[in-house]
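Visitor: Mind looking at a prediction? Sequence and model below.
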Amino acid sequence: MRARHLFNFDFQRVFYLGRALRIVLESTPYWTMFRFVLVIVQSCIPIVSLYIMKTLIDRVTIGFSSEEGDFSTVFPLIVAMGVVNLLGAVDGAAMGLIAQVQNQIVSDRLFDMLHRKAVCVDLEHYENADYYDVLHRAKGQASSGPMRIVGRAHQILGSSISLLTMAGTLFLLNGWIVGLLFVPVIPRILVRLKFVHIIHLWIERRTATQRQAGYYNNLLTSDNYAKEIRLFGLGDLFIRRFSTLRRQLLKEKLQISTRRAVADFLTTVISVVAMWGAYAYIAYNTVQGNITVGDLVLYNQAFRKAYQSLWGVFNGFASLYEDNQYLAYLFEFLDLDATVVDPIDPKPIPRPMRSGIEFENVDFQYPGSARQALKDISLKIRPGEVIALVGENGSGKTTLIKLLCRLYDPSSGKIAIDDIDIRDVGLAELRRQISVIFQDYAKYHLTARENIWLGNVDAPLEGDDIEKAARRSGAHDVIETLPQQYDNLLGKRFEKGEELSIGQWQKVSIARAFLRDSQLIVLDEPTSALDPKAEYEVFKKFRELLEGQSAVLITHRLSTVKMADCIYVLDGGRIVERGSHDELIALGGTYARLFEIQAKNYR
Ligand SMILES: Nc1ncnc2c1ncn2[C@@H]1O[C@H](COP(=O)(O)OP(=O)(O)OP(=O)(O)O)[C@@H](O)[C@H]1O
C-alpha cells in the first residue's frame, strides 16, 4: 500500500506536461530553441574546465620537479580557463534573460486562456464553492506552471549531458566508482517523491482553508466592507479568524516540513559517507602513484559534479512529477465543460417578435440544491407588453430571469421565443435581444460614457445614443454635474474618479439597459435605490421609454407595478396569482393583501 502511494504516478495526467510544453513552444518558439542551445553549451563547460584544470596542475607539478619551470606552457591554459569561464558567464546571463522574457509571454498567454474560460464557464460554477477552489489553484499555476516545466526539461537535459561527461571521466579510473554515485541519490529521490505526494494531498485538502483565509484578508482590506467593519467593530473578529486559519495552516505545514527535514538529514548522512568513500579511494590511488595530482583534482571534481548531475536528472524528473500535479489544477479549470452551450445549428430570433416569449411548465432546481427554485411556471410576454413579477424574497423572480437569459437551462419544460426553443438559438444572439439589469448590477470604475456604452459595445462610443439612454434613465442629470461629465471616471478606485450614490449608480446602469438594442428589457429591482421622485420620473413614461420593447419588472414596490399589463405573483417558486392590478385587487388574494400593507404605510 505504501509503495503504491509512493509511486502512484498518474499516467493519465502525463499529457499535462505535453500540453504545457506545447503552450510554451507555441508562444515562444525561437526563444525556446535558443535557450535549448545555450543549455547544451552551458552543460559542456564543466568538463572542458576540468580538463584544462587537470592539464594545468600536471604542468605546474612537472615545472616544480624540473630544473627550470616553463611558464609559457601554463599561460595558454590560464587564458583558456578564463575564456571558458567568461563563456559560461555570458551563456548563463543570456539564459536568465531569455527565461524572463519567456516567462512573461507564456504567463500572459495563460492568463488570456484563463480569462477566456472564466467568462464562458457556466454561471453555476460561480455559485459553487468547488469551482472557487479549482479557480484559486488554477490562478496560482497560470503565471509560472508551464515555464517551470521548461526549466525542468532544461535542467534534465543539462544535467544528463554533464552526467555523461563526468561519469565517462570517472569510468576511466574505475567502473564501480560510477555505481557508487547512485548510493546517495536513490534514498534522496525516494524521500523527495514521497514528500511531493504528501504536500500535494495537503494542498488539495487545505485549498478551502486557504481560500477562507484569503476571504478574511479580502474582507479586511477591500473597500466594499470598510464601512461595516468600522461601524459594527468587526475588525478584531476577522483578524482573529484570519490568524486562526493561518496558524492552523502553519502548524500542519511545519509538521510536514519537520518530517521532511529528518528524512533529508538521514539521506545526507548516506551521501556524505559515499562521497568520502570515493574521495578516499581517489587519494589512495594518488598516494600509490597510480594517478597524477592533476588526476586527483579531476576525479574528485568529476565525482562531485557527477553526483550533482545525477541528482539533477532524478530531481528534474521528480519535479516534473510534482509540476504535473499542479498543472492538473490549471488544466482541470481550462477543461471545465460548459453545459449551457450554443446549439450546433442555431436558429435566428425573429425581429420583431410576433407572438413573444413563452414559459411552458418550467421547473428548475439549482445544481447541488435540494430545493426546487421554480415549479411549473407558465407565462407569456407578448411583444410590447410590460409584465411584473412580484413575490416575497426567495420566491424565484430572479431565477426566472436567469433561465430566460440562459444563464441556466430549465430542469424540465421549455422557454420559447416565437415558438423557437431558446436552446436552439445562439447564446450571443439570445442575449443581444435581452437587456437585463440585475439588482446586484455592476459598477464599472470606468468613465460615465463607457459605463453606459458597455450595454452595447457595437454602438459608437462617442455617439448620441449614449446621452439619449442617459436621459431616458435620468442618469444624464447626474452626469452633467460631474467635472468632466461623460468623460468623468466613476468610482474612487482610480485617480479623478467621482463616487456616485447608490441611486445614481442605478440610473447609470438602467441607461446601460436602455442603450442595448434589445427586444426585451428586464429590470430586476430597478427602483430599489431611487428616491420616489426619480422612480416616478423613470416610470411616468415607461411605455414611451420602452420604444416598443417588451419589459419585465421585478420589484417589491407595488405602486410601480400597477402600470404593468399583467402581474404575476410568485410564492415558493410557483405562480399563485396572475392578472392586471385591478383584477388582482378584486381577487383579494396575496397581491391585494401585500398592496394593502404597503398602501397603509404611505397613508
Ligand atoms: N445560486 C443558487 N444556488 C442555489 N439556490 C439558489 C441560488 N440562487 C437562488 N437560490 C434559491 O432559489 C430560490 C429563489 O431565489 P431567487 O433569487 O430567484 O429569489 P427572488 O424571488 O429573486 O428573491 P429576492 O426578492 O430576494 O431577490 C431561493 O430559495 C434561493 O435560496
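Guide: Great, that's in hand. Predicted, not measured: the structure shown is a model, and the values here were computed from it. Numbering: from 1, shown residues only.

Visitor: how close does Arg351 sit to Val340?
Guide: Arg351 sits 23 Å away from Val340, going by C-beta to C-beta, to the nearest Å. C-beta here means a position set from N, CA and C on the backbone, and glycine is covered the same way.

Visitor: Could you list the residues of this protein in contact with the ligand?
Guide: 127, 366, 369, 371, 373, 391, 393-399 (C-beta under 6 Å from any ligand atom).

Visitor: Looking at those residues, which is nearest Arg247?
Guide: Checking the residues of the chain next to the ligand against Arg247 with C-beta to C-beta, the nearest one is Glu127 at 30.3 Å.

Visitor: In helices only, show me the residues of the chain next to the ligand.
Guide: Here DSSP state H is the test, and these give Lys397, Thr398, Thr399 as lying in helices.

Visitor: Name the nearest residue to the second one, ignoring sequence neighbours.
Guide: Right, Thr398. Asp524 (5.7 Å; C-beta to C-beta, 6 or more residues apart in numbering).

Visitor: What pLDDT is listed against that neighbour?
Guide: Asp524 is assigned 85 on the pLDDT scale.

Visitor: picking that back up, buried by neighbour count, from the residues of the chain next to the ligand: which ones?
Guide: For the residues of the chain next to the ligand, a burial check counting by 16 or more other C-beta atoms under 10 Å picks out Tyr366, Ala373, Gly391, Ser395, Gly396, Lys397, Thr398, Thr399.

Visitor: Excluding residues flanking it in the chain, which one is nearest the last one?
Guide: Ranked by C-beta to C-beta, 6+ apart and with sequence neighbours excluded, the top spatial neighbour of Thr399 is Ala373, at 4.6 Å.

Visitor: Outline the domain layout of the protein.
Guide: For the chain, automatic domain parsing gives the domain ranges 13-334, 346-433+520-533+551-603, 442-517.

Visitor: Name the residue closest to the centre of the protein, please.
Guide: The residue lying closest to the centre of the chain (C-alpha atoms, centre = their mean) is Lys139, at 3.3 Å.

Visitor: ok, it - contacts?
Guide: Leu114 (C-beta atoms under 8 Å, 6 or more residues apart in numbering).

Visitor: Do you know the pLDDT at it?
Guide: For Lys139, the predicted pLDDT is 74.

Visitor: ditto for Asp409
Guide: Per-residue confidence (pLDDT) for Asp409: 91.

Visitor: Compute the distance between it and the ligand, please.
Guide: 14 Å (C-beta to the nearest ligand atom, to the nearest Å).

Visitor: does that residue really touch Asp421, like I thought?
Guide: No. Asp409 is beyond contact range of Asp421, at 10.2 Å (criterion: C-beta atoms under 8 Å).

Visitor: which stretches of this structure aren't confidently modelled?
Guide: Along the chain, segments meeting pLDDT under 70 span 1-14, 63-69, 127-130, 141-143, 526-545, 547, 600-603.

Visitor: Surely the residue nearest to Thr399 and Phe364 touch.
Guide: Yes. Ala373 sits in contact with Phe364 when judged by C-beta under 8 Å, with a separation of 5.3 Å.

Visitor: residues near Ser559, how many?
Guide: 17 (other C-beta atoms under 10 Å).

Visitor: Which of the helices or strands spans it?
Guide: Following DSSP states H and E, the helix or strand that holds Ser559 is helix 558-561.

Visitor: If you count contacts, what does whichever helix or strand comes after that helix end up packed against?
Guide: Following helix 558-561 in sequence order, the next helix or strand is strand 566-571 (DSSP H and E). Other helices and strands packing on strand 566-571, by 3 or more C-beta pairs under 8 Å, 6 or more residues apart in numbering; DSSP states H and E, are strand 386-391, strand 574-579, helix 581-587, helix 590-602.

Visitor: returning to what we had before: just how off-centre is the helix holding Ser559 within its chain?
Guide: 43 Å (C-alpha atoms, centre = their mean, to the nearest Å).

Visitor: Met166 and Tyr279: what is the separation?
Guide: Remark: distance between Met166 and Tyr279 (C-beta to C-beta) = 15 Å.

Visitor: With Arg574 instead?
Guide: Distance, Arg574 to Tyr279, using C-beta to C-beta: 85 Å.

Visitor: likewise Gln325?
Guide: 38 Å.

Visitor: Neighbour count: these two, which is higher?
Guide: Gln325 (20 against 15).

Visitor: Spatially nearest residue to that one (excluding sequence neighbours)?
Guide: His200 (4.7 Å).

Visitor: Could you list every helix and strand in contact with the host helix or strand of Ile479?
Guide: Using DSSP H and E, Ile479 sits within helix 475-480. When contacts are defined as 3+ C-beta pairs under 8 Å, 6+ apart, helix 475-480 packs onto helix 448-453, helix 464-473, helix 502-515.

Visitor: Same list (the ones you listed) but as CSV, adding mean neighbour count.
Guide: Formatted as CSV, the helices and strands packed on helix 475-480 follow (neighbours: other C-beta atoms under 10 Å):
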stretch, mean neighbour count
helix 448-453, 25
helix 464-473, 20
helix 502-515, 23
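
Visitor: With distance to Val60 added, can I get those in TSV?
Guide: Formatted as TSV, the helices and strands packed on helix 475-480 follow (distance: least, C-beta to C-beta, whole Å):
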stretch	distance to Val60
helix 448-453	75
helix 464-473	84
helix 502-515	82
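
Visitor: Helix, strand, or coil at Ser518?
Guide: coil (DSSP: H, G, I helix; E, B strand; the rest coil).

Visitor: Excluding chain neighbours, give the residue nearest to it in space.
Guide: Ser518's closest residue in space is Ser435 (C-beta to C-beta, 6+ apart), at 4.3 Å.

Visitor: residue contacts, the one you found?
Guide: So Ser435 contacts Gly455, Arg512, Ala513, Phe514, Arg516, Ser518, Leu520, Ile521, Val522 (C-beta under 8 Å, 6+ apart).

Visitor: Nearest to the ligand among those residues?
Guide: If you rank the contacts of Ser435 by distance to the ligand using C-beta to the nearest ligand atom, Val522 comes first, at 11.9 Å.

Visitor: which SSE is that closest one in?
Guide: Val522 belongs to strand 520-524, assigned by DSSP H and E.

Visitor: Could you tell me how many residues sit around Val178?
Guide: 20.

Visitor: buried stuff in the helix or strand hosting it?
Guide: Taking DSSP H and E as the definition, Val178 sits inside helix 175-180. Applying a neighbour-count criterion of 16+ other C-beta under 10 Å, one finds Ile177, Val178, Leu180 buried in helix 175-180.

Visitor: Now tabulate those residues in TSV and tack on distance to Ser27.
Guide: Below are these laid out as TSV (distance: C-beta to C-beta, whole Å):
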residue	distance to Ser27
Ile177	44
Val178	40
Leu180	43
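
Visitor: biggest helix in the protein, by residue count?
Guide: helix 235-287.

Visitor: Quick check: next helix or strand after that one?
Guide: Next element after helix 235-287 (DSSP H and E): helix 293-334.

Visitor: Give the pairing partners of the very next helix or strand once past that next one; include direction for each.
Guide: Counting by DSSP H and E, the next helix or strand C-terminal to helix 293-334 is strand 357-364. Sheet pairing for strand 357-364, assigned by DSSP bridges, gives strand 374-381 (antiparallel), strand 412-417 (antiparallel).

Visitor: could those strands go into TSV alongside mean neighbour count?
Guide: Compiled in TSV, these are given as follows (neighbours: other C-beta under 10 Å):
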stretch	mean neighbour count
strand 374-381	18
strand 412-417	18
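
Visitor: What is the burial count for Asp419?
Guide: 11.

Visitor: mind starting the numbering at 174 from now?
Guide: That works, and once the first residue is 174, the last one we named lands at Asp592.
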